[in-house]
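# Mind folding the following:
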Amino acid sequence: MASRRLIGLEIRGAASTGHLVRVLPLAALTPFVSLWPQFGSPFIPGMVAAFLALEPFYNNTLNMWPGQLTAYGLLPADWILYLRAKNCATALITLGVVGLLMILTAYMQPATPGPGEASACALYLLSVLFPMLSAGNVVSWQQPRARIGWGLEDAAAGLVMLLILGLVSLPYALLSALEQREMFLVLYSCIAAAIWWFKAIPRAAGRIHEQFSTLWHKTQTSSP
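The predicted structure follows:
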């Protein structure tokens with residue numbers, strides 16, 4: 001299990017970067033967008049907004065601030081431990097942001113969403129969270145960014161995030177059509193969590209260890 005101290009350090013580090021400010025404009029807009037009845041569920045915009053706002057935490061987790069990857073190179077890094085701590089911190093931050101957006105969304109609804117909609121939201125989040133973390137680790141070592149901001153590179157990263165979210169949402173859409181969907185979705189989520197913890201993280205850690213010099217060079221030469 002990743003050290004609770006490391007997870008706490010990652011959460012404090014993420015908060016200190018100011019990247020969570022991305023949540024604020026979406027938190028102001030999402031409750032109004034959720035009023036559009038064509039979405040089917042009022043929680044869909046909030047879920048998409050949460051992952052979009054937290055894109056750097058998933059897809060650029062190795063270099064959340066300038067020089068972070070360099071700092072890793074100066075220390076004897078246990079990449080499996082670091083990735084597990086980073087991913088656990090990202091998961092906790094995601095739960096907090098999703099919870100905030102869901103509360104704001106529920107407050108703005110003409111009729112209070114029922115337990116069924118809240119349950120579906122929770123099952124959806126559980127089904128996509130671990131595949132999103134696994135995919136984010138791959139993107140992080142394949143395409144590390146030197147800076148995180150509001151430029152064209154960040155807009156492109158946001159589009160990639162939405163594409164990944166759409167792909168990992170397909171199992172939820174398929175399993176939701178089954179009669180005992182809750183059981184199948186929980187089972188699928190448990191399998192996805194096991195793959196993420198025991199397969200995806202060690203594989204990504206091995207690639208980072210092997211290609212660290214190339215990754216570091218990318219963060220020095222990519223556009224600021």
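# And the helices in this structure, which stretches?
4-17, 23-33, 44-53, 55-59, 68-73, 79-108, 115-142, 152-168, 170-175, 181-195, 201-210, 212-221 (DSSP state H).
# for the chain, which residue is closest to the average position?
By C-alpha atoms, centre = their mean, the mean C-alpha position of the chain lies nearest to Y58, the distance being 4.5 Å.
# For that one, give me its contacts.
51, 90, 132-133, 135-136, 139-140, 161 (C-beta atoms under 8 Å, 6 or more residues apart in numbering). Backbone N, C-alpha and C define where each C-beta goes, glycine included.
# Of these, which pair is most distant in space?
Greatest spatial distance in the contacts of Y58: F51 and S140, 15.0 Å, computed using C-beta to C-beta.
# pretty sure Q109 contacts S34?
Yes: here Q109 reaches S34: they are 7.2 Å apart, a contact under C-beta atoms under 8 Å.
# got any residues that touch both of those two?
With C-beta under 8 Å, 6+ apart, Q109 and S34 have common neighbours P42.
# And those two? Which one has more around it.
Shown here are Q109 and S34; by other C-beta atoms under 10 Å, S34 has more neighbours (24 against 14).
# Name the nearest residue to Q211, sequence neighbours excluded.
Nearest non-adjacent residue to Q211, counting by C-beta to C-beta, 6 or more residues apart in numbering: W141, 6.9 Å away.
# Contact partners for that neighbour?
Contacts of W141 (C-beta under 8 Å, 6+ apart): 62, 204, 207-208, 211, 215.
# Fine by me, we can end here.
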